[in-house]
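1. predicted model follows, preceded by the sequence.
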Number of protein chains: 2
Amino acid sequence: MRSAFYISDGTAITAETFGHATLSLFPVEFKHITIPFVETVEKAREVKSQLEQAASFSHEKPIVFLTFVNPELSEIIQSSNAICYDFISTFSAQIQRELNVEPVPKVHRTHSIHEQSYDYRIAAVNYALANDDGANIKDYDQADVVLVGVSRSGKTPTSLYLALQYGIKAANYPFTPDDLESGELPRCLQPYKDKLFGLTIEPQRLAAIRNERMANSRYASLRQCRIEIREVEMLYKRFKIPHFNSTHHSVEEISAKIMAESGLQRRKY
Amino acid sequence: MRSAFYISDGTAITAETFGHATLSLFPVEFKHITIPFVETVEKAREVKSQLEQAASFSHEKPIVFLTFVNPELSEIIQSSNAICYDFISTFSAQIQRELNVEPVPKVHRTHSIHEQSYDYRIAAVNYALANDDGANIKDYDQADVVLVGVSRSGKTPTSLYLALQYGIKAANYPFTPDDLESGELPRCLQPYKDKLFGLTIEPQRLAAIRNERMANSRYASLRQCRIEIREVEMLYKRFKIPHFNSTHHSVEEISAKIMAESGLQRRKY
């Protein structure tokens, strides 16, 4: 099997993400190998011999996706018997011509603690944990968004993704059957109506998820799920709460939708 | 100010990540605008006029990073009065020549619920939450890795990042001062010695983080932090637990280090 390498003097996360997105277009199986933190000439030379072993082992040159801050190390890798794609350099050369501005060697990498937004992002993770599942209803004034929905409609993973990936402070509040039956917004949410974003989900899918947690319970019954979903959707309409059906969507898709619809600005790229 | 657009018929997360990594090499300020879910010809034409307005407003063509599954929509965007970079297509053409294989139009996008690993990844998030901070010590047999360290050394955000980004099940256990004083591994960890990965941190930084949580407490005092860090590092040495100093590193860097040193394979790209 042909090898695909993701190599960097940083985390190699950008190389992995981009390389895998591109390779997955082809119906070809690869052996994937990630080598992060190639920060010395010695280590780069070791990687070069690893690439050459891979080439002679599979009789095909490995495909290499690389991102390096240090050009000397990048050159060592690119002198290997391998097909190397340095996509950031390729595009930065094009952009340089367009902007007519020289790129500045990056001191701070893409996934570093020195990014401006880093502390904010970690604070957002801690906020999401402290304000998960209605655990704390006193700090909604600090929220960028308050996700609402019935139990197990996808609020928690979405809150965490919004925090880690976008630096957005997302609290989440689960509507109980009692909340729903009243047809009113719970009092703790009323002052924050403009921050609310609702999730909904198909009753069948909700019942399946709840059954994994509490099999054969009333909570997990299709009947109960149907009632809760009907009531929550009525609530969204009545109070004009923007909402999204999460049934067929990933946390990334739900989060991107929330960002786009709420007009929130990401604090980290 | 010149505009940079990130446009996709999916979440636009790949376009944002890659575009921002590339633009940040240049000492130029941009106005960043993300437009996800451009899924119809109508919507694509709206975006095209938005781009043309941006061009006439700033007297400079906007820079556009785009990723589209649907080529018809991509062409509408690329016919705008803008500088468009379609980096996946650029590289897939090169890789096609190298592999001599035609790319297959992607049915499932990069950030979709249909990815093989999606359910696993959400299960990993739920696992991380249920096994956070020593909350549950009975399910370590299911862990891919058990992060250990003193309170506030970075275990929780790292566990969540490993789950969301790599699909890795990470539990985390905080050593108490009593655990450390004994000089032994807590009994609940002993059967899982091979899964342990330790975090450590400089005492000054630890004291600063703890002070934010509990100002002027014994817990946050530099003296207490120094004692705990000295003892935890002795424990790592005594039991040969791989470990990493998180002081100057982001969750992405810590996670990439853990993946590389433990030989774990990511379950999601």
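-> Thanks, I have it. Numbering: from 1, shown residues only, chains lettered A, B, ... in the order given.
2. quick one: the strands in the stretch 151-269 of chain A?
-> Ranges of strands in the stretch 151-269 of chain A, per DSSP state E, counting those that start in this stretch, are A:170-175, A:196-200, A:243-245.
3. an error on my part: the question was meant for the stretch 1-150 of chain A.
-> Along the stretch 1-150 of chain A, counting by DSSP E, counting those that start in this stretch, strands occupy A:2-8, A:30-35, A:63-67, A:83-85, A:145-150.
4. with mean neighbour count and distance to B:Ser255 added, can I get the ones you listed in TSV?
-> C-beta here means a position set from N, CA and C on the backbone, and glycine is covered the same way. As requested, the strands of the stretch 1-150 of chain A are exported to TSV (neighbours: other Cβ atoms under 10 Å in any protein chain shown; distance: least, Cβ to Cβ, whole Å):
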stretch	mean neighbour count	distance to B:Ser255
strand A:2-8	24	14
strand A:30-35	18	12
strand A:63-67	25	17
strand A:83-85	20	24
strand A:145-150	26	25
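5. format those as JSON lines; extra columns: mean pLDDT.
-> Output for these, formatted as JSON lines (pLDDT from 0 to 100):
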{"stretch": "strand A:2-8", "mean pLDDT": "95"}
{"stretch": "strand A:30-35", "mean pLDDT": "93"}
{"stretch": "strand A:63-67", "mean pLDDT": "95"}
{"stretch": "strand A:83-85", "mean pLDDT": "96"}
{"stretch": "strand A:145-150", "mean pLDDT": "98"}
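6. thinking again about what came up before, tell me which of the strands of the stretch 151-269 of chain A sits most buried.
-> Mean neighbour count, computed with mean count of other Cβ atoms under 10 Å in any protein chain shown, is highest for strand A:170-175 among the strands of the stretch 151-269 of chain A, reaching a mean of 24.
7. just the angle for it relative to strand A:196-200, thanks.
-> Using axes from the mean of the first three to the mean of the last three Cα atoms, to 10 degrees, the inter-axis angle of strand A:170-175 relative to strand A:196-200 is 60 degrees.
8. quick check: residues of the stretch 51-200 of chain A near chain B?
-> Within the stretch 51-200 of chain A, the positions lying close to chain B (Cβ under 8 Å from any Cβ of the partner chain) are A:63, A:67, A:83, A:85, A:87-88, A:90-92, A:94-96, A:98-99, A:101, A:103-104, A:106, A:110-113, A:115, A:118, A:122, A:125-126, A:129, A:132, A:156-157, A:160-161, A:164-165.
9. returning to that earlier point: can I get the strands of the stretch 151-269 of chain A in TSV with distance to B:His59?
-> Below are the strands of the stretch 151-269 of chain A laid out as TSV (distance: least, Cβ to Cβ, whole Å):
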stretch	distance to B:His59
strand A:170-175	38
strand A:196-200	37
strand A:243-245	37
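10. of the strands of the stretch 1-150 of chain A, which approaches B:Arg266 most closely?
-> strand A:30-35 (7.6 Å; Cβ to Cβ).
11. next, count neighbours for A:Arg218.
-> Other residues within reach of A:Arg218, judged by other Cβ atoms under 10 Å in any protein chain shown, total 10.
12. excluding chain neighbours, what is closest to it?
-> Closest residue in space to A:Arg218, ignoring its immediate chain neighbours: A:Gln224 at 5.6 Å, by Cβ to Cβ, 6 or more residues apart in numbering or on different chains.
13. ok, that neighbour touching A:Asn216?
-> No: using Cβ atoms under 8 Å, A:Gln224 makes no contact with A:Asn216, being 11.9 Å away.
14. mind listing the helices for chain A?
-> A:13-23, A:41-58, A:71-78, A:87-99, A:118-130, A:155-166, A:177-182, A:203-213, A:222-238, A:251-262 (DSSP state H).
15. which strands and helices sit next to the least confident helix or strand in chain A by mean pLDDT?
-> Here the helix or strand of chain A ranked lowest by mean pLDDT, DSSP states H and E is helix A:13-23, holding a mean of 88. Taking 3 or more Cβ pairs under 8 Å, 6 or more residues apart in numbering or on different chains; DSSP states H and E as contact, the helices and strands that helix A:13-23 lies on are strand A:2-8, strand A:30-35, strand A:63-67, helix B:13-23, helix B:87-99.
16. quick one: that helix to helix B:155-166, angle?
-> Angle, helix A:13-23 to helix B:155-166, by the same axes, to 10 degrees: 20 degrees.
17. hmm, who's touching helix A:13-23?
-> Residues from elsewhere that reach helix A:13-23 (Cβ atoms under 8 Å, 6 or more residues apart in numbering or on different chains): A:4, A:6-8, A:30, A:32, A:34, A:63, A:65-67, A:85, A:87-88, A:110-111, B:14, B:17-18, B:21, B:67, B:87-88, B:91-92, B:95, B:110, B:165, B:252, B:256, B:266, B:269.
18. next up, the contacts around A:Leu147.
-> A:Lys155, A:Thr158, A:Ser159, A:Ala170, A:Ala171, A:Asn172, A:Tyr173, A:Phe197, A:Gly198, A:Leu199, A:Ile258.
19. which two among these are spaced furthest apart?
-> Counting by Cβ to Cβ, the most remote pair of those is A:Tyr173 and A:Ile258, 14.8 Å apart.
20. for the strands of the stretch 1-150 of chain A, which one sits closest to B:Glu39?
-> strand A:145-150 (23.3 Å).
21. could you list the low-confidence segments of the stretch 51-200 of chain A?
-> Along the stretch 51-200 of chain A, the model assigns pLDDT under 70 to residues A:106-110, A:114, A:116.
22. A:Pro105 - how many residues pack around it?
-> Neighbour tally, A:Pro105, other Cβ under 10 Å: 9.
23. revised request: answer the last question for A:Tyr192.
-> For A:Tyr192, using other Cβ under 10 Å, the count is 18.
24. so what's it up against?
-> A:Tyr140, A:Asp141, A:Ala143, A:Val146.
25. got these as a markdown table, with distance to B:Arg205 columns?
-> As requested, the contacts of A:Tyr192 are arranged in a markdown table below (distance: Cβ to Cβ, whole Å):
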| residue | distance to B:Arg205 |
| --- | --- |
| A:Tyr140 | 30 |
| A:Asp141 | 29 |
| A:Ala143 | 28 |
| A:Val146 | 32 |
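26. out of these, which end up buried?
-> A:Tyr140, A:Ala143, A:Val146 (16 or more other Cβ atoms under 10 Å in any protein chain shown).
27. quick one: end-to-end length of stretch A:239-258, please.
-> 17 Å (Cα to Cα, to the nearest Å).
28. determine whether any part of it lies close to chain B.
-> Yes: contact of stretch A:239-258 with chain B (Cβ under 8 Å from any Cβ) involves A:His248, A:His249, A:Ser250, A:Val251, A:Glu252, A:Glu253, A:Ser255, A:Ala256, A:Lys257.
29. take the residues you listed and lay them out in a markdown table including neighbour count and pLDDT.
-> Formatted as a markdown table, the residues of stretch A:239-258 next to chain B follow (neighbours: other Cβ atoms under 10 Å in any protein chain shown; pLDDT from 0 to 100):
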| residue | neighbour count | pLDDT |
| --- | --- | --- |
| A:His248 | 12 | 92 |
| A:His249 | 21 | 93 |
| A:Ser250 | 25 | 92 |
| A:Val251 | 24 | 94 |
| A:Glu252 | 24 | 92 |
| A:Glu253 | 22 | 94 |
| A:Ser255 | 29 | 96 |
| A:Ala256 | 26 | 94 |
| A:Lys257 | 21 | 94 |
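30. looking at these, which is nearest A:Lys240?
-> A:Lys257 (17.1 Å).
31. wait, the closest one sits on B:Pro36?
-> Yes: proximity of A:Lys257 to B:Pro36 meets the contact threshold set by Cβ under 8 Å, at 7.4 Å.
32. distance check, A:Gly154 against A:Leu23.
-> 29 Å (Cβ to Cβ, to the nearest Å).
33. oops, could you answer that again for A:Ile122 instead?
-> In terms of Cβ to Cβ, A:Ile122 sits 32 Å off from A:Leu23.
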